[in-house]
Every structure is written in C-alpha cells, then in structure tokens.
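1. need a 3D model of the following:
(2 chains)
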Amino acid sequence: MSEPGWLCVCEPEVAVQLAGADFSAEFESAPSSPIDDYYAYVEHLLTLGSEAALEDSPTLGRLLLLGLVSGVESYFRSVIAAVVRICPLCRVGAADQLIPLGAIDYYGTEALELGLFDAASLAGATELRKRTHALLGIDLNSQASASAALSEFDKVCHLRHAAVHARGTLGRGNAVALALSADDGRRALQVSFASLQQAGLACHSMVRAYNRVVYRKTIERWIAKDVLVGTWSQDKTRFKPLFELFRSQRDDVAPTNAYQAHRSLVKSVF
Amino acid sequence: MSASNEQINLASVFEERAEFLSRTDLKDWTQITPNNRLVLSKLKGPGAKLLTGPRGSGKSTLLRAAYFDMVEADAALPIYVNYARSLALEPLFHHNANALAMFRQWVLMKIVVGTVETFEDLDHRLPDSLARIADDAQQYIDRLAVGQEPEPLLQELSPGALNKLLEGWARDAGRKRVVLLLDDAAHAFSQQQQREFFELFRELRSSRVAAKAAVYPGITSYSPNMHVGNEAELIEAWYRPDTDDYLDTMRSLLRRRLPASLLQRLEGSEELVDYLALASFGLPRGFLVMLRQVLGVEEDDAEFEQELVTPTRRAADRAVAAHAQSVRDIFESLAEKMPRYRRFVEVGAELERAMVQGLMRFNDKRPSSAKGVVVGLAEPLGPQLSRVLDMLEYAGVVRKNESVSRGVKGVFQRYELHWAIVIDGNALSLGRSVAVSTVIDVLRTRDAHAFMRSRGTTLLGRDFTERCTLDLAPCQACGTPRVSEEAQFCMKCGRPLTEASIYEELLKAPIDRLPLTPKKLAGLKEHSALRTVGDILLDDESREIRQVPYVGAVWSARIHRYAEEYVSV
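-> Numbering: from 1, shown residues only, chains lettered A, B, ... in the order given. Sure, this is the predicted structure:
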C-alpha cells in the first residue's frame, strides 16, 4: 500500500518483538564482599577507557560513566540490603517499609531485602542519604569525609544523568549541580581520559567512605544497644557476618579474620 | 657575660630565619635599604601583593619588619601567619575525602590565631567575637599539625565571613584597616594545596582588608582564577648584588648584626667580607652562614686554630664552596619533595654544570670588563626546559632577568647563575690562585649586558627533552608502567595507582639528609636513638638530642629547625 508523497518524511518502522529471555542469564551472586565485587567490576570497566578509545568514540565515555555509577549503585543496594538482614536494630527500623508482593517470589526469602529497592534509584546524594537514614539509622550529613565523598559522587551522578537521558547534553539542573556558569550557555558532556579517571576516583572514594562509615556506625550502635557485649562467644554470631560483609580481601588492610577484628575492637572499646 | 650566654648570643647573631628572631633583634639587625623601604611601604599599604624570592632572600624579614612597624603605628591591624608546616596536612589527602575542606579551614583558622597574637602584642583585650572562636581555632590547628583529623569547628568560616570579622576586630583595636602578612604561602610540594590557598587569597580582600603573601619564584601553582599581576602585584625581595649600594648594604647589615668582639676579628678582612657578600648573590641568609663559618663560630668550622683568630682566604673559599653546595642541595632536594620531577632535577643539575663550563669558555681570554655571569637561552625554551629553569629559580641556583632581543639572532631569556657557584666553579676563568680583590673587581665592574648566548640543545644535548619525563611509579599490583600523569588506575589490571604520602616519606628520611656538620651527625648516631627526620620532630623536648656531647640549647634548637625545614617548604 503506497503512502501519499507528503507523508514520506523518513523510512517507515518495522515489526520487532523482543524476547526477554534473549537478554538474560541466570543470576550468579558474587562470591566476595560487595566492595570487592564493586572493585572487580569497575576496575575492568576502567581499562576499557584508554585515551585512544575515548578519543575515537565520544559515546564510549558516556557509557563508561553510566557503568561507573551503576557499579556504585549496585554496591549500595548489596550493602544496605545485607545490613538490614544482619542488624537487628535496622530490621526493627525497616519493619514498616513496604515491598511488592512479587518480590517474595522473585528474590526469595534469602534476598528479600533487595525488594526494598525495586523501582528506586540510588544514583544521587539525596536518595542515598534518605535511604541510609531510614533503613540503617545513619545520618551521612554528620560524617564529614563520607559527606565530602558523596558530594563528589553526586557530580558523577549528574554527568551520568546527562549521558543516559539526553545523549550527553547537560540539563539546567545538571549544570547548576556541576557549578557551571549560566553565562557559558548550554553544555554537552565530554569525557576525556583524565576526567574519566577522576570520575573513577570519586566513585572509589565514595564506596570506600560508605563502607567504612556504615561498618563503624553499625558497630557503635550495636555496642550502645548491647547487641555486642565484648565476648567472642556471645558476639560472633552477629559480628562475623558483619565483618565479612565489609572486609575487602582485595585491599588487604583488615585483620586476618573476624576473631582478630573482634579482639582489636574489644581492646579499643570495651 | 658567662660562656654559655655568650654562645647563645653568638648563635642568635647568626640565626638564619627571621621568624625566630625576637622583635628587638629584628629591629636592631634588619638593614633597611631604599629598596627595602619601598617594599615595606607596599607590604603595609593597601592592595594584594605577592612578595617573591628564593630561600634566604629576606621575605620573612621584610614581612616581620612590616608587622612590627604596623604594630607600633596606629593605622592598620597587622596579622602575621606562617604556613610553613602545611605539608603536615598532606597525609590527610590520602585518608580523608574532606581534606580540602579541612585545609581551607586550617588556612583561615591560622589567621584567627594570628589575630590573637597581634592583640597580645598590642596589649589589647581580645574582642568577644575573637575570644569565642580562638580556642577552637587553636585546637583545630594543633590536631592538624600532628596529622590527626580535628573535631568539627563550632563555627566554620568562609573568606567573606572572616573579612567581616577582621574589619570588626580592627575597629575594636582602634585601627582603620587590616593587613594580612601570609608567610611561606607557596607550598611547592602540594599543587592541590597551592591552588586552594590562592583561591582563598583572592577572596581575602575588602575595602579594609588586604593580603600579602610570600611566595617562591618558579614553581608556585596559582589557582586557575588567579591572574598574577592583575589581582596581586608581584614584588621582589631579592637584593641585586650588581647595584652600586649592594656592598654598603651588606656591610651595614654586618655592623648591625655582629657584636663588637666579632667585628674586631673582621678588621683588616674587609675584602673577605665583600667577597662573601658577593658570593651570597643578594641573599642575606647565605652571607650570614658563610660569615659564621669564616669566623669559626662553630667548632667544626675551623681547620686550623689560627682561623679562630683571623679569618683567612682559605676559610672564605671553603665557605663559598660549602654555600655553593648547599644551594645545589636545596635544588636536588626537589627530587625527594616532588618525586615525579626526579628526572627534571637530574637534567637541572646537568644544566647548572653546563652553564658553569659554558661561562668558563665564554669568559676565557675576555678582559674583566667583558666577563659575564649570565646565560641567555634562545626562545622558545619549550615546556621541558622552562620547567627545569623554574625549579632552578626556586632553589636560587639561577635568577631570571629580563629577556633581550638580538634582532635576527632571536630573543634570549636571560638567567644569572648564583655567584657562589660562579666563583667556586671558576666560571669567570680567572684561574685558581687569583686574588680576592680581582674576583671582587670583575664581579663589580663587568659589563652587565654581556651574556653568553646558547640554547637548551647546545648545553644539554639534542635529546634532552626525551630525558625530561615525569618519573611516574608503575602499578604496584602488576608492575605495568603508568600511561600518563592523569592516570589514576592501571590500564592493564584496573587497580588504583597509589602514591605514597610525600610528607610521610620525608619523615622517614635519614638524618644524614639534614645540613648537620659531620661531628654533629656522628654524635647523634653514637649518642642517641635518632635515625630519621621524624625521630627528631618527635623528640619534642630534645631529650634524645641533648644526650649528644656539645649539643646544648642552641644546637638542639637548630637541629629541630633543620628537621622542620626539611619537611616544610
């Protein structure tokens, strides 16, 4: 059937039917702690952004920014969900949170806490502060180093927002958040080797700051509320999974095992 | 006067750093030349100023002199702050995401504490608004000085808020305006800190607040928004040794500084005094150091007992050679303090030697009036050679003069070589047994416009730019070379590229790196457990240091100062 000439502005659309199964495989949970899992993912990603590759393709830089933020977001979800599972105080705090009924079937009872984040984005300072406070009882604003790291991560989130939603064009909100002058007019995202490396550093700093703060503040709360009492036999059930959740084997700066970490804690606090 | 009191007095006579001189000593000893008066007037006046000069050029002396002048007058409220220990904050940048915010508050809190000191010098009661924040500011600074994260301030300040407070404090003191005298402001070893500092410097101004900062030439990193020349006038602290009144100035400095007993020993040795004054290349600290050696004030200085009575040519030559080496040592210490520029430092040392040899050839067979101490390098210098020369200028090895055009032959950027190096290296081609008077004559009567024309490739070889590469540590995880200065992650394994804290590395340096006499060094090693620069700094009350024979109050204070200088700017 031919169209009248005036309608022919471009080639017509074709019929497509996507099968979700073609885009998915079985999920494999990470064998390591969330921070080590984040390291493995992002450090591979950054090796894709060589100077030559970024110069050849402006799109690559935008995609790598997206990947960076995605890696950090995934870390946040894993840590927050796991702490809600492990920490009895957070569990009480999160008891009134709503999750979709289907989350029980999809995630199963062993990972049900992930249902707290369905349709939520943690790619931004505001939402992360809110969730961390609501679910973990931690006020990130009062933690100077973590707050500073979060401010820089938020800038990366704005860059990612422009990359994802506007093919790299910075919206007014992005420009304001990035402290760009209105006098310079509309701006477009440009990801050079140097700037991608700095974005990677900001993301690493964010994850490390968050990892340290949530671990420390959770322990402090447990001590204050007698969840930890200072003896290994009584504390190990809770302490060991918490320590292993936050410990980075890759960084290799932590005590050898949970028992040694507990001893160190007892010496300095109890 | 008892023997130990005399020793203490003599030691303070040769005290090298202005910020450790008492108000009386500074007033009595500071030689105010017409040029100094002009500089002092600018330091006490309105408008932002940058006082530039290498180590020992008298920047701190001028700032301190300006401070005391203003204390005694009644127009301006002067506030003196010394930022030399800023490198102690550097480890924070490796452990805290908010290190820059802490550094900013540290800069501003130092001004608050400096204001307290001014009020004490004025013998004025502290205004309530100052008293409220002073203790908090002091604790903040004290914690950061030992590399610890401080408690959050009760009241964080912005430059604008501090400007308003300063104006109020000036009114409380009955003064119309405020002059901030910010010493050791150029932190050559942390670019991040430098840029942040100059952003604050730009903002510390109002109709009644003016800031002056002492900076080093050559390698100061200004913030991108700071336009030197427009936003702050650049003024030079360095005496010019080729001016007519230079020798009179240095002789006068000597007469003000030395007690009669030492002046008496210099009678009949006026030529040697002039010789050392010229060799100091306009830097009073170098002059005093060489004089101290020639007068045998320290037990290590004299080779022969006779030298303790009368200064000799031999002792003067030893002092000049030692001073030339100390200037080179300051330059070479950049390899530790800016490890990425290690190769540039190697090329710089080569350039200095090549300049000496080149001048020797240039001056050979030239009459005295035509001899030169200036090397003109053909422009464009290129980024690598410019960087090397900037570093040499910072250390005082060379002094940049104005560029000169030679028509079709091109434009030449002129660099004057330190005269101690010129004399010690025989760059004037006068031979080794030449009379002191001849050296003095040549330096005083040479043609100031004569210069040796050359270029980087001639002095250093065609491939020198290839040798001027950044020394970037490879990936600690897999050993892959770093791809560029901007790389923060290894491009092979993806791991973060870690950099050691420069400050922590400097603390680990052995005490051999300090400018101690061989006897003192041996004494410390034999009689104390002090092995590193950090050990000395931790020996707060000098308990360990004082175990060393012949190390009393004077020497222990000096050893501490050497250690502090080593880890400072």
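2. when you work out contacts or count neighbours from here on, use the C-alpha atoms and nothing else.
-> Fine.
3. can you pull the buried residues of the helix or strand containing residue B:442?
-> Assigned by DSSP states H and E, residue B:442 belongs to helix B:436-445. For helix B:436-445, a neighbour-count test (16 or more other CA atoms under 10 Å in any protein chain shown) marks B:439-440, B:442-444 as buried.
4. which elements pack onto that helix?
-> Applying 3 or more CA pairs under 8 Å, 6 or more residues apart in numbering or on different chains; DSSP states H and E, one finds that helix B:436-445 makes contact with helix B:270-279.
5. out of everything not next to it in sequence, what's closest to the residue in chain B that chain A sits nearest to?
-> Closest residue of chain B to chain A, CA to the nearest CA: residue B:494 (4.2 Å). Nearest non-adjacent residue to residue B:494, counting by CA to CA, 6 or more residues apart in numbering or on different chains: residue A:43, 4.2 Å away.
6. can you give me the neighbour number for the one you found?
-> 21 (other CA atoms under 10 Å in any protein chain shown).
7. for it, give me the pLDDT.
-> Per-residue pLDDT puts residue A:43 at 93.
8. confirm that the residue of chain B closest to chain A sits in a helix.
-> No - with DSSP: H, G, I helix; E, B strand; the rest coil as the criterion, residue B:494 is assigned coil and is not in a helix.
9. what's near enough to touch it?
-> Each residue near residue B:494 by CA atoms under 8 Å, 6 or more residues apart in numbering or on different chains is listed here: A:42-47.
10. show me where chain A dips below the pLDDT cut-off.
-> Scanning chain A for pLDDT under 70 picks out A:1.
11. ok, back up a step: of the contacts of residue B:494, which belong to helices?
-> Those of the contacts of residue B:494 mapping onto helices are A:42-47, per DSSP state H.
12. out of those residues, who has the most neighbours?
-> residue A:46 (25 neighbours).
13. grab the nearest non-local neighbour of that one.
-> Nearest one to residue A:46, counting by CA to CA, 6+ apart, is residue B:494 at 6.2 Å.
14. same deal with residue B:225?
-> Closest to residue B:225 by CA to CA, 6+ apart is residue B:199, at 7.4 Å.
15. how many neighbours does that neighbour have?
-> 18.
16. ditto for residue B:159
-> Neighbour number of residue B:159 under other CA under 10 Å is 19.
17. my guess is it meets residue B:200, correct?
-> Yes - using CA atoms under 8 Å, residue B:159 makes contact with residue B:200 at a distance of 6.6 Å.
18. circling back: note down every partner strand of the helix or strand that the helix holding residue B:442 is followed by and its orientation.
-> Going down the chain from helix B:436-445, the next helix or strand is strand B:452-454, by DSSP H and E. Note on strand B:452-454: by DSSP bridges, its sheet partners are strand B:374-378 (parallel).
19. taking the stretch 1-150 of chain A, what residue is nearest to chain B?
-> residue A:43 (4.2 Å).
20. doesn't residue A:261 lie inside a helix?
-> Yes - under three-state DSSP, residue A:261 sits within a helix.
21. count of residues packed around it?
-> 16.
22. quick one: the nearest residue to it once chain neighbours are set aside and residue A:31, what's the gap?
-> Using CA to CA, 6+ apart and skipping residues adjacent in sequence, the residue nearest residue A:261 is residue A:255, 5.4 Å away. For residue A:255, the distance to residue A:31 equals 20 Å [CA to CA, to the nearest Å].
23. and residue B:382, by the same measure?
-> For residue B:382, the distance to residue A:31 - CA to CA - is 53 Å.
24. ramachandran coordinates for the spatially closest residue to residue B:395 that is not a sequence neighbour?
-> Counting by CA to CA, 6+ apart, residue B:395 lies nearest to residue B:331, which is 5.1 Å off, once chain neighbours are set aside. Note on residue B:331: its backbone torsions stand at phi -60, psi -50 [degrees, to the nearest 10].
25. got a list of what residue B:331 touches?
-> With CA under 8 Å, 6+ apart, residue B:331 has these contacts: B:345, B:391-392, B:394-395, B:397.
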